[in-house]
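S.K.: just coords:
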Ligand code: SF4
């Protein structure tokens, strides 16, 4: 087993742990934001219904801001208030409701897991973090801990981005916070700290603190309910990390949780010295030609052709304008030619490259791809018979386009 970390990185005093829990919960009771899933979790007597609401909200909140999620969550819960209702939905309906929220596989997996609850688990949600993680697709360690603690009262901790930041600051953890060794320590710490009688509230309080007070760039330390337990703040104010061995960084090269010796404490950064992450991999650049094919509908209003993406991979099953990935460095003229060739299949007639009107470029950042859409348009006369042998396709008005399962990137293109 690895040696225990030096004292400055631990919570070892039971009285301090008790005080921290009390201060954090009192602050949470007074200052927490009203959020629809919290209201439901606090008022719904049925534990499985609570669990479903927390589950939906947690999946939506992955990589997405609270303000964006609220409307999606409310519509989702109105449409599918139980796993049973969700299990009966089609993937198309799920994608339509999810459109604009990003990371589309989340909705799909949520629905797959709801079907599993209904068909394999007799409609019962698993009730412990271990079972939730093991039995439900798309439910990872964090989501399982959140559901189990908030809905079923299991005394288990959670570690998400907010908790990582708060704990790293509370205990001056400056080693790479995305490394497995540090993450494991943070889980140990979260499990040790969680309040035994109010685990769900404690976990939400810790995350709420990271979201509203201990924020990444300019934390509000003066208003922080746990400031007296914070070693990063103490170090900022007094130059030392608490009443621990009289050293700046305890291991200087040897401690697995201190900042690396090559990047020591920077006093100009204060508490934002923590957490630290290894440099992120740059997203890969990609270019895609896309064409808005337009025709006059029966009432003279414009209609656009959209086609469905394959059922796996990026933006699986979503609808888009006919699009074609472009090789790097392709000249404009060549781009038009390959796109015209591609469109011939959709329109069933020759498309002249020179007839494509260049509109502009749209940049959209996916988590790992810096995507540039090179946008063209092509008005069509007469009717176009869509070939059923190709991917599903359909003509839509602008209103229908926005109600379809299309990505934010395609909305930008339109
Ligand atoms: Fe975060 Fe500041 Fe509170 Fe420490 S005192 S936990 S750095 S807000």
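M.R.: Great, that's in hand. Since the model is a prediction, treat every value here as computed from it, not as a measurement. Numbering: from 1, shown residues only.

S.K.: is the helix or strand hosting residue 16 anywhere near the ligand?
M.R.: Per DSSP states H and E, residue 16 falls inside helix 14-31. No. Judged by Cβ under 6 Å from any ligand atom, helix 14-31 stays clear of the ligand, getting no closer than 9.9 Å. In this view, the C-beta of every residue, glycine as well, is placed from N, C-alpha and C.

S.K.: test my guess that residue 140 contacts residue 129.
M.R.: No. With contacts counted by Cβ atoms under 8 Å, residue 140 stays clear of residue 129, the gap being 10.4 Å.

S.K.: looking at the two, which is more packed in?
M.R.: residue 129 (23 against 13; other Cβ atoms under 10 Å).

S.K.: and that one, what does it touch?
M.R.: Going by Cβ atoms under 8 Å, 6 or more residues apart in numbering, residue 129 touches 141, 144-145, 147-149, 154, 156.

S.K.: show me the contacts for the spatially most central residue of the chain.
M.R.: The centre of the chain sits closest to residue 63, judged by Cα atoms, centre = their mean, with a distance of 1.9 Å. Counting by Cβ under 8 Å, 6+ apart, residue 63 touches 102-103, 367.

S.K.: pick the one among the residues you listed closest to residue 186.
M.R.: residue 367 (22.1 Å; Cβ to Cβ).

S.K.: coming back round to it: list the contacts of the helix holding residue 16.
M.R.: For helix 14-31, the surrounding residues in contact (Cβ under 8 Å, 6+ apart) are 11, 192-193, 195, 198, 201-202, 204-206, 208-209, 212, 225-226, 228-229.

S.K.: tell me which of these fall in helices.
M.R.: 192-193, 201-202, 204-206, 208-209, 212 (DSSP state H).

S.K.: quick check on the residues you listed: which are buried?
M.R.: Neighbour counting by 16 or more other Cβ atoms under 10 Å classes 193, 201-202, 204-206, 208-209 among the ones in helices among the contacts of helix 14-31 as buried.

S.K.: which parts of this structure sit against the ligand?
M.R.: So far as Cβ under 6 Å from any ligand atom goes, the chain lies against the ligand at 166, 169-170, 213-214, 219, 221, 224, 226-227, 230, 232-233, 271.

S.K.: widest-spaced pair of these?
M.R.: Across those (Cβ to Cβ), the longest gap, 13.4 Å, separates 213 and 232.

S.K.: joint contacts of those two?
M.R.: Counting by Cβ under 8 Å, 6+ apart, no residue touches both residue 213 and residue 232.

S.K.: comparing the two, which residue is more hemmed in?
M.R.: The neighbour count for residue 213 versus residue 232, taken as other Cβ under 10 Å, is higher for residue 232 (28 against 19).

S.K.: what about the more buried one, distance to residue 157?
M.R.: Per Cβ to Cβ, to the nearest Å, residue 232 is found 20 Å from residue 157.

S.K.: likewise for residue 398?
M.R.: 48 Å.

S.K.: these two: which is more packed in?
M.R.: Between residue 398 and residue 157, residue 157 has the larger neighbour count (other Cβ under 10 Å), namely 23 against 12.

S.K.: roughly how far apart are that one and residue 285?
M.R.: 39 Å.

S.K.: okay, the buried ones among the ones in helices among the contacts of helix 14-31 in JSON lines with pLDDT next?
M.R.: Shown next, in JSON lines, are those (pLDDT from 0 to 100):
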{"residue": "193", "pLDDT": "97"}
{"residue": "201", "pLDDT": "97"}
{"residue": "202", "pLDDT": "98"}
{"residue": "204", "pLDDT": "97"}
{"residue": "205", "pLDDT": "98"}
{"residue": "206", "pLDDT": "98"}
{"residue": "208", "pLDDT": "97"}
{"residue": "209", "pLDDT": "98"}
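
S.K.: distance to residue 263 added to those, as JSON lines?
M.R.: As requested, those are exported to JSON lines (distance: Cβ to Cβ, whole Å):
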{"residue": "193", "distance to residue 263": "27"}
{"residue": "201", "distance to residue 263": "36"}
{"residue": "202", "distance to residue 263": "32"}
{"residue": "204", "distance to residue 263": "33"}
{"residue": "205", "distance to residue 263": "31"}
{"residue": "206", "distance to residue 263": "27"}
{"residue": "208", "distance to residue 263": "30"}
{"residue": "209", "distance to residue 263": "26"}
